[in-house]
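*Asks:* Have a look at this prediction, sequence included:
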Amino acid sequence: MTGKQITDRGLPFTKMSGSGNDFIFMDGMDGSLAWIEGEWVRRVCRRALSVGADGLVILEKDESYDFAWRFFNSDGSMAEMCGNAGRCVARFAFEKGITGSSMTFLTEAGPIHAEVKGKRAKVQLTPPKLFDPDLMLQVNDRRLPLFYIDTGVPHVVFEVEELETFPLVEIGRKIRYHEHFGPAGTNVNIVKVVDTHTLQVRTYERGVEDETLACGTGSMACGLMAGMKKGIVSPVSIKTASGEVLEVSWEGEPGSWAPVYIEGGVRLVYEGYLAPDASKA
């Protein structure tokens, strides 16, 4: 480990989970964590060899907002926004006394407002940008009708009949790296309509490069697709791969939705200290 040791025991951190998305959170409000960079994050986010997580978040001081964050994916890349990490960071900031239960923090996607309600948190995402609601893409022998939108980060959504058995990692990876979405790539979601207020969702996340148990911005993308294409009415319950349920809601007409919200439970899993071996190559 390089950089400043916050205590003799190592760097303090908190592990949290938002509907199955797990993250490492660190308080850098005093500026002491500015040295942390992507390769160090990648090593700490390795499962089995270190703490393991879908991402790592550092809170830092901001003159205009309650705080700013630096959000890293598990591969060390940085992302503009993450809905479930946004819900988790709200509870983290509240639990640590950084903010009150209502806050606004700065992300690369823009300012995000959040509220903590006990062990639940609600975030208002930035207004979605609809790129193409009727994108057709050839992937292997499949011609897929994709709903392409940015809900803080880019997502494609398509409906499937057999959600559980669909080869999401294989197809998702091909879509994520497809030249149409280059060079940044996209997240990939498959959805099944359960009823007029309920969806089942699975997500392949870029930066993790695998299926994750939940995705907040992906759940929002799925809800907006179903609202525009399938007549689903806000609010919508999203059954994630973890078994937990997220609630997404929106106002406004299709294509000009605002405001949009994600709400759900947040787990504070454990707190500890990162020893030097945590980031060992």
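*Replies:* Happy to help now that I have it.
*Asks:* show me where the stretch 151-281 of the chain has strands.
*Replies:* Assignment of strands within the stretch 151-281 of the chain using DSSP state E, counting those that start in this stretch yields the ranges 154-159, 187-195, 198-205, 210-212, 236-239, 245-250, 260-265, 267-274.
*Asks:* Dump those strands to CSV, plus distance to Gln124.
*Replies:* Using the backbone N, CA and C atoms, a C-beta is placed for each residue, glycine as well. Shown next, in CSV, are these (distance: least, CB to CB, whole Å):
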stretch, distance to Gln124
strand 154-159, 18
strand 187-195, 20
strand 198-205, 20
strand 210-212, 22
strand 236-239, 16
strand 245-250, 10
strand 260-265, 5
strand 267-274, 21
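*Asks:* out of those, nearest to Glu63?
*Replies:* strand 260-265 (26.5 Å; CB to CB).
*Asks:* Pairing partners for that closest one, with directions?
*Replies:* strand 120-125 (antiparallel), strand 245-250 (antiparallel) (DSSP bridges).
*Asks:* With respect to Thr217, which of those strands lies nearest?
*Replies:* strand 120-125 (6.9 Å).
*Asks:* Could you tell me the average pLDDT over the closest one, please?
*Replies:* For strand 120-125, mean pLDDT rounds to 98.
*Asks:* Touching that strand from outside, list them.
*Replies:* Strand 120-125 is contacted from outside by 18, 81, 83, 86-88, 90-91, 109, 112-115, 151-152, 216-217, 220, 259-266, using CB atoms under 8 Å, 6 or more residues apart in numbering.
*Asks:* let's go with 7 Å and repeat that
*Replies:* Applying CB atoms under 7 Å, 6 or more residues apart in numbering, the contact partners of strand 120-125 are 83, 86-87, 90-91, 112-115, 151-152, 217, 220, 259-266.
*Asks:* Which among those residues count as buried?
*Replies:* The neighbour count (16 or more other CB atoms under 10 Å) marks 83, 86-87, 90-91, 112-115, 151-152, 217, 220, 260-266 as buried among the contacts of strand 120-125.
*Asks:* In helices only, show me these.
*Replies:* 83, 86-87, 90-91, 217, 220 (DSSP state H).
*Asks:* Any chance of the residues you listed in TSV with distance to Val191 and pLDDT as columns?
*Replies:* Shown next, in TSV, are these (distance: CB to CB, whole Å; pLDDT from 0 to 100):
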residue	distance to Val191	pLDDT
Gly83	16	96
Gly86	21	98
Arg87	20	98
Ala90	26	98
Arg91	27	98
Thr217	14	97
Met220	12	98
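*Asks:* Which pair of those residues spans the longest distance?
*Replies:* Farthest apart among these - using CB to CB - are Arg91 and Met220, which lie 19.1 Å from each other.
*Asks:* Lys129 is in contact with Ala258, correct?
*Replies:* No - contact criterion CB atoms under 7 Å: Ala258 and Lys129 do not qualify, at 10.9 Å.
*Asks:* Next, show the common contact partners of those two.
*Replies:* Residues touching both Ala258 and Lys129 by CB under 7 Å, 6+ apart: none at all.
*Asks:* ok, now which ones touch the residue nearest the centre of the chain?
*Replies:* By CA atoms, centre = their mean, the mean C-alpha position of the chain lies nearest to Cys82, the distance being 2.9 Å. Cys82 sits next to 55, 71, 216-217 when contact means CB under 7 Å, 6+ apart.
*Asks:* and the angle for the biggest strand by length in the chain with strand 154-159?
*Replies:* With secondary structure taken from DSSP state E, the chain has its longest strand at strand 129-139. Here strand 129-139 points in a direction 60 degrees away from that of strand 154-159 (axes from the mean of the first three to the mean of the last three CA atoms, to 10 degrees).
*Asks:* Only the buried residues of strand 129-139, if you could.
*Replies:* 130-131, 133, 137.
*Asks:* helices or strands next to that strand in the packing?
*Replies:* Here strand 129-139 touches strand 142-150, helix 168-176, going by 3 or more CB pairs under 7 Å, 6 or more residues apart in numbering; DSSP states H and E.
*Asks:* I'd like the strands of the stretch 151-281 of the chain as TSV, with mean pLDDT and distance to Asp62 appended.
*Replies:* Listed next are these as TSV, based on pLDDT from 0 to 100; distance: least, CB to CB, whole Å:
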stretch	mean pLDDT	distance to Asp62
strand 154-159	98	25
strand 187-195	97	26
strand 198-205	98	26
strand 210-212	97	28
strand 236-239	98	30
strand 245-250	98	27
strand 260-265	98	22
strand 267-274	97	23
